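Peer 1: got a predicted structure here, sequence first:
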Amino acid sequence: MSKSQVAMREPTYFVLASLLDRPLHGYAIIKHAEELSGGRVRLATGTLYTALDRLTGEGYVTVIREEVVNGRTRRTYALTGAGATAVRAEAERMAAAARVVTDPAASARSAAGSPAAPRARRVRPA
């Protein structure tokens, strides 16, 4: 299974999703991820910065600005093209998985690789 096919953890998904519209600093990412997830994802500061370091290393996020605020360094993060592609691919993967439950007929057509899968023939008892 390739990296793009591996399910993304929910916190990672919401960190990336929070950066889709605009660059944000850490605290704003925490708040936006919580808002986008309906309160399900509540990131601790250490968890967020560990994730941002990993996502930066993977090329999904980049630091676009650093400034000192009240004696502390504040970094502003932006989504890269690869990050936008990854979060959108994950959204599509989750939507396809949800269709298995919400629209089984659509998932059967999709699995067949055509817009309308052929109907199964009935076998009559002899």
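Peer 2: Here it is on my side, so go on.
Peer 1: my guess is residue 87 meets residue 14, correct?
Peer 2: No: the pair residue 87 and residue 14 fails to qualify as a contact (C-beta atoms under 8 Å) at a distance of 9.2 Å. C-beta here means a position set from N, CA and C on the backbone, and glycine is covered the same way.
Peer 1: now the helices for this structure?
Peer 2: 10-18, 26-36, 45-57, 81-102, 104-112 (DSSP state H).
Peer 1: any buried residues in the second one, and which?
Peer 2: If I follow you right, that is helix 26-36. 26, 28, 29, 30, 32, 33, 34, 36 (16 or more other C-beta atoms under 10 Å).
Peer 1: got the CA coordinates for it in PDB?
Peer 2: These are the backbone C-alpha positions of helix 26-36, laid out as PDB (Å, rounded to 0.1, in the frame of the first residue of the first chain):
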ATOM      1  CA  GLY A  26       0.000  27.200  15.900                       C
ATOM      2  CA  TYR A  27      -2.700  28.400  18.300                       C
ATOM      3  CA  ALA A  28      -5.000  29.300  15.300                       C
ATOM      4  CA  ILE A  29      -4.400  25.800  13.900                       C
ATOM      5  CA  ILE A  30      -5.500  24.300  17.200                       C
ATOM      6  CA  LYS A  31      -8.700  26.300  17.300                       C
ATOM      7  CA  HIS A  32      -9.500  25.900  13.600                       C
ATOM      8  CA  ALA A  33      -9.000  22.100  13.700                       C
ATOM      9  CA  GLU A  34     -11.300  21.900  16.700                       C
ATOM     10  CA  GLU A  35     -13.900  24.000  15.000                       C
ATOM     11  CA  LEU A  36     -13.700  22.000  11.700                       C
END
